[in-house]
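**Student:** what shape does this take:
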Amino acid sequence: MTGKFITHIRNFLLLALVQVLIFSQIHLFGYATIAVYLIFLLKLPRHTTFNELLLWGFSFGLVVDMFCNTPGLNAAAATGMAFVRNMVLATFTHKGNPDNFTPSVRSLKWGGYIVYSFICIGIFFFILFTLELFTISNWSALITSTLASTMATMVFAIVAECFSRTDKA
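**Tutor:** Okay, here's the model as predicted:
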């Protein structure tokens, strides 16, 4: 348990640093934002408790908010994504999968992992941009930003999955 916790803390710090120093400064075409720290939440083991998921999501969002001057937006969106993650994951798991598997291409296959990631990341960005715009009257900007950011982050999630060496089913 202690070894996994230390690994989670190491990954948390590494992804938070990369997010704050590099990816928070990049805004593609004025619409797309990349949130690589969501990979951490996507890859947490299935047996992670609901409270732990919410705590990891809120903590990550809060760290990003503190350094990126977005008061509570990332914390709310990451907590929202953590809230629905296990429900989304349950739709893509097979009855034969053990409870302690890590969501990956090996355990969900490519199609399942891509759809699972797309839904979770899309929920995150929909919450983030809804709070940022604070209106849904400008729905075209909301949908464009959500889809562009989801696709840009998906590219990094797929690349990270291709290079992942901790693929334990």
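
**Student:** just give me how far the helix or strand of the chain with the lowest mean pLDDT sits from the chain centre.
**Tutor:** Taking mean pLDDT, DSSP states H and E as the measure, the helices and strands of the chain show their lowest mean at strand 27-28, namely a mean of 71. In this view, strand 27-28 has its centroid 18 Å away from the chain centroid, taken as Cα atoms, centre = their mean, to the nearest Å.

**Student:** tell me the contacts of the spatially most central residue of the chain?
**Tutor:** Note on the chain: the residue nearest the mean C-alpha position is residue 38, at 2.3 Å, using Cα atoms, centre = their mean. The neighbourhood of residue 38, defined by Cβ atoms under 8 Å, 6 or more residues apart in numbering, consists of 78, 81, 120-121, 124, 153, 157. C-betas here are computed from N, CA, C, even on glycine.

**Student:** for residue 43, state which of these is nearest.
**Tutor:** Taking Cβ to Cβ as the measure, residue 157 is the one of these closest to residue 43, at 9.1 Å.

**Student:** now do the helices in this structure.
**Tutor:** Along the chain, counting by DSSP state H, helices occupy 2-21, 38-42, 50-68, 73-90, 105-133, 139-163.

**Student:** need the pLDDT of the residue in the chain sticking out farthest from the centre.
**Tutor:** Within the chain, the residue lying farthest from the chain centre (Cα atoms, centre = their mean) is residue 137, at 26.1 Å. According to the predicted model, the pLDDT of residue 137 comes to 75.

**Student:** start the count at 39, not 1, going forward
**Tutor:** Okay, using 39 as the starting number, the last item reads as residue 175.

**Student:** what number of residues are in the vicinity of the residue lying closest to residue 106 once chain neighbours are set aside?
**Tutor:** Once its chain neighbours are removed from consideration, residue 106 has its nearest residue in residue 62; the separation is 4.7 Å (Cβ to Cβ, 6 or more residues apart in numbering). Counted with other Cβ atoms under 10 Å, the burial measure for residue 62 works out to 20 neighbours.

**Student:** mind checking how far residue 62 is from residue 40?
**Tutor:** Spatial separation of residue 62 from residue 40 under the definition Cβ to Cβ, to the nearest Å is 31 Å.

**Student:** where in the protein is pLDDT low?
**Tutor:** Applying pLDDT under 70 to the predicted model, the residue ranges of the chain that meet it are 39, 132-137, 174, 203-207.

**Student:** drop anything exposed from the contacts of residue 76.
**Tutor:** For these, burial is judged from neighbour counts taken by 16 or more other Cβ atoms under 10 Å, and it is met by 116, 119, 158-159, 162, 191, 195.
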